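J.: Okay, predicted coordinates and the sequence, questions at the end:
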Protein chains: 2
Amino acid sequence: MKIMKKGDRTRERIIRQAAPLFNQRGYEGSSMQEIMAATSLEKGGIYRHFESKQELAAEAFDYAWAEALRARRHDLERIENSVDQLIQFIANFVERRGSVPGGCPLLNTAMDSDDGNTVLRARACKALQGWQNFLSEIIAQGMRRGEINSKIDKAKLANVIIASLEGAIMISRLEQNVEALRDAQTHLVNYLETKVRAQN
Amino acid sequence: MKIMKKGDRTRERIIRQAAPLFNQRGYEGSSMQEIMAATSLEKGGIYRHFESKQELAAEAFDYAWAEALRARRHDLERIENSVDQLIQFIANFVERRGSVPGGCPLLNTAMDSDDGNTVLRARACKALQGWQNFLSEIIAQGMRRGEINSKIDKAKLANVIIASLEGAIMISRLEQNVEALRDAQTHLVNYLETKVRAQN
C-alpha cells in the first residue's frame, strides 16, 4: 500500500482544486490570484509544489482528463460485446460528466494550447492518443471475435466517434442543452448497428 | 455605392489585424500590448474606435467567422443538386481555410467563452445558428425537390455535419495533419450518399 506523504497530499489537493479553474477559464484566463483563492494558499505555498503555473496547469489537465475518462468508461467492463461497449461509451459520454466542471478537458485544452503552449499541447496530444487507442482496442477485439465487420478501419472509426462527440459538445455547450449530443448519439448508434456490427 | 470614411477604414483595418491574434491566442491570451503591436497603434488609437477590448474581440470574431464561411461556401452556388452542395461544403471545409489563421473561429470562440465572456458567447451562438440555418435550408430545398429522403430531420442532419467537422478539426489541429478531417469527410459523404440522397 502506497503511503502518501503530507507534501504529496497537499500537491494532489492543489491539483484537484485548480482543475475546475483551468478547465473553465483556460490557461491565460486563470490568474495566480484566482489559483490562490481556489486553493486557499499563498503564491509561495503553491510554488513549493510546482515549478511553474504551466506545470500546475499540465497536472490539472491530466487530473481532469482522468476524471472525464472515468465517467465515460463507467460500467464498460460489465459489457461483453464490443459493439455494445462502444454504444455504452457513447451513452456515458452523453449522460455522465466528469467531476471537473467546464466541459471536456481535451477539447478545452486542445483549443487553448494549439497555437502556443507546448507543454499543455503535448498533454492534450497524449490524451487524444490514449482515447484513440482505447477505442481502437475495443474495435480490434470485436473484429477478432467476429462481432465487428472485418472491413472496418479501426483508427478511422475511432476518429469518427471522437470527432462527432467532441463537436457535439461544442454545440451543446453553446446551446445549453443536450440536443446536439443526442443527435450525435443517434447517428453513431445507427451507424454502429447497420455498418459496424457484423450481420449474421 | 457605400463610401467609407477614413475612421471606418481604420476601424476595419484594426479588426482585420487583430482577428488573427484573437483567433490564435484567445481573448485572455491577447494582451493590449500584442493588439497594439499587431495594429501598429497606441492604446488611445485603438480605444478611439472601440469601447472596450471585448467589443474589438467580438468584431474580430465576426470578421474571422465571415472569412471562414466564405471559404466553406466557395463555388457552392454553381452546384444544382442539394446533396452535392452538402458534399461540396464538406470538401471545402476540409480543403479550404479562411484567411484568418488559428483554426475554426467558432470552435475557438465557443471554447473560449462558454464559461464566462457573455458578449463573445452571444456572437458564437449567433454564428452557430447561422451555420445550422444555412445547412438546414439546403436540406429543406433538397426535400422539396425530391433530392433528399423525406424522412430526414434537417436540424439533426445539420448538427451531425457540424459536429463531425468541428470535432475533426480539433483532432487535426492536435495531430497537425488532415487525417481526422478526411475520416469525417469519408464518413459523412458515405452517409449522405446512402441514407440522405433520395434513391430512385
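T.: Looks like it arrived, so ask away. Residues are numbered from 1 along each chain as shown, chains lettered A, B, ... in the order given.

J.: Now do the end-to-end distance for stretch A:108-122.
T.: According to Cα to Cα, to the nearest Å, stretch A:108-122 extends 14 Å from its N-terminal end residue to its C-terminal end residue.

J.: And it, what's buried?
T.: By neighbour count with 16 or more other Cβ atoms under 10 Å in any protein chain shown, stretch A:108-122 contains the buried residues A:Asn108, A:Thr109, A:Ala110, A:Met111, A:Asp112, A:Ser113, A:Asp114, A:Asp115, A:Asn117, A:Leu120, A:Arg121. Where you see a C-beta, it was placed from the backbone N, CA and C, and this is true even at glycine.

J.: Now narrow those residues to whatever sits close to chain B.
T.: Restricting the buried residues of stretch A:108-122 to those touching chain B (Cβ under 8 Å from any Cβ of the partner chain) yields A:Asn108, A:Ala110, A:Met111, A:Asp112, A:Asp114, A:Asp115, A:Arg121.

J.: So which of those belong to helices?
T.: A:Asn108, A:Ala110, A:Met111, A:Asp112, A:Arg121 (DSSP state H).

J.: Could you pick out the one among those residues with the lowest pLDDT?
T.: Taken together, these show their lowest pLDDT at A:Asp112, with 86.

J.: Grab the nearest non-local neighbour of that one.
T.: Spatial nearest neighbour of A:Asp112, chain neighbours left out: A:Gly26 (4.6 Å); criterion: Cβ to Cβ, 6 or more residues apart in numbering or on different chains.

J.: Could you do A:Ala110 as well?
T.: With Cβ to Cβ, 6+ apart as the measure, A:Ala124 is the residue that lies nearest to A:Ala110, at 4.7 Å, once sequence neighbours are left out.

J.: Point out where chain A drops to low pLDDT.
T.: Across chain A, the ranges flagged by pLDDT under 70 are A:1-3.

J.: Could you rerun that using 90?
T.: Screening chain A residue by residue with the criterion pLDDT under 90, one finds the ranges A:1-8, A:28-29, A:97-98, A:112-117, A:199-200.

J.: Which residue ranges of it form helices?
T.: Using DSSP H, helices in chain A cover A:6-29, A:32-39, A:43-47, A:53-72, A:82-95, A:105-113, A:118-144, A:154-175, A:179-191.

J.: just to revisit the earlier point, so which of the ones in helices among the ones next to chain B among the buried residues of stretch A:108-122 is the closest to chain B?
T.: Closest approach between those and chain B, by Cβ to the nearest Cβ: A:Met111, at 4.1 Å.

J.: now stretch A:101-111, how far from the centre of its chain.
T.: 8 Å (Cα atoms, centre = their mean, to the nearest Å).

J.: Which pair of the ones next to chain B among the buried residues of stretch A:108-122 spans the longest distance?
T.: With distances taken as Cβ to Cβ, the most widely separated pair in these is A:Asn108 and A:Asp115, at 14.1 Å.

J.: re earlier: dump the buried residues of stretch A:108-122 into CSV; add distance to A:Glu175 as well.
T.: Output for these, formatted as CSV (distance: Cβ to Cβ, whole Å):
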residue, distance to A:Glu175
A:Asn108, 17
A:Thr109, 22
A:Ala110, 21
A:Met111, 18
A:Asp112, 21
A:Ser113, 25
A:Asp114, 24
A:Asp115, 26
A:Asn117, 28
A:Leu120, 27
A:Arg121, 28
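
J.: What is the nearest of those to A:Arg145?
T.: Distances from A:Arg145 to those, taken by Cβ to Cβ, are shortest for A:Ala110, at 32.8 Å.

J.: Cool, thanks, signing off.
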